[in-house]
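1. coordinates only, sequence not included:
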């Protein structure tokens, strides 16, 4: 006898990779209407290579964290956030970060360049940075300003897209994540009790 069947489908994970300043966050913002318009629920995970903090309502919250609390929950009518203090723990694994998310159809990852999940590279030749797709077999597409690269810039075949062709980029992600079968706009999939 098999185990219980989950009523929540598996979350699809797809990354946007690129050097700092390449426009990953901007591209995610531009892609969202294409996904949301088809009833696809989306979350994002952004990997930070530096310490970060969220603005808190009171300095006392920072003092509590500095004093050794494990977690601080900030709650307001429009949103909530949970800050977990690492307290010397190693950085969480990619899989552990994803597991903490509320289930959605699609998780867009910004960063985690070295993790082996499927990715779209966002590349701006003006930055002078190397093309990641030449070294990362998990890059399944390359979005470039103007949709062109210098001859010989790519060392192997990777589909090339214009960074402004949002429909084509959304289509690549939807096809790669097998999300083309979700309901058409105006029809919401049943997600169970709210």
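-> Nice, I can see it. Given the structure is predicted, the values throughout are model-derived calculations rather than measurements.

2. now the helices for the protein?
-> Per DSSP state H, the chain carries helices over the ranges 24-36, 59-67, 94-99, 166-176.

3. Where among those helices is average confidence lowest?
-> Looking over the helices of the chain, mean pLDDT reaches its minimum on helix 59-67, with a mean of 59.

4. thinking again about what came up before, so which of the helices of the chain is nearest residue 80?
-> When these are compared by CB to CB, helix 59-67 sits nearest residue 80, at 13.7 Å. Just so you know, the C-beta spots here come from the backbone N, C-alpha and C atoms, and that holds for glycine as well.

5. Next, format the helices of the chain as a markdown table and append distance to residue 105 and mean neighbour count.
-> Shown next, in a markdown table, are these (distance: least, CB to CB, whole Å; neighbours: other CB atoms under 10 Å):
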| stretch | distance to residue 105 | mean neighbour count |
| --- | --- | --- |
| helix 24-36 | 8 | 16 |
| helix 59-67 | 33 | 11 |
| helix 94-99 | 13 | 13 |
| helix 166-176 | 10 | 17 |
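
6. Any chance of TSV for those, columns distance to residue 148?
-> Converted to TSV, the helices of the chain look like this (distance: least, CB to CB, whole Å):
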stretch	distance to residue 148
helix 24-36	17
helix 59-67	48
helix 94-99	33
helix 166-176	15
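
7. For residue 152, see how far away the residue nearest to residue 110 when sequence neighbours are not counted is.
-> Among residues not flanking residue 110 along the chain, residue 46 sits closest, at 4.4 Å (CB to CB, 6 or more residues apart in numbering). Going from residue 46 to residue 152 by CB to CB, to the nearest Å gives 33 Å.

8. That'll do, ta.
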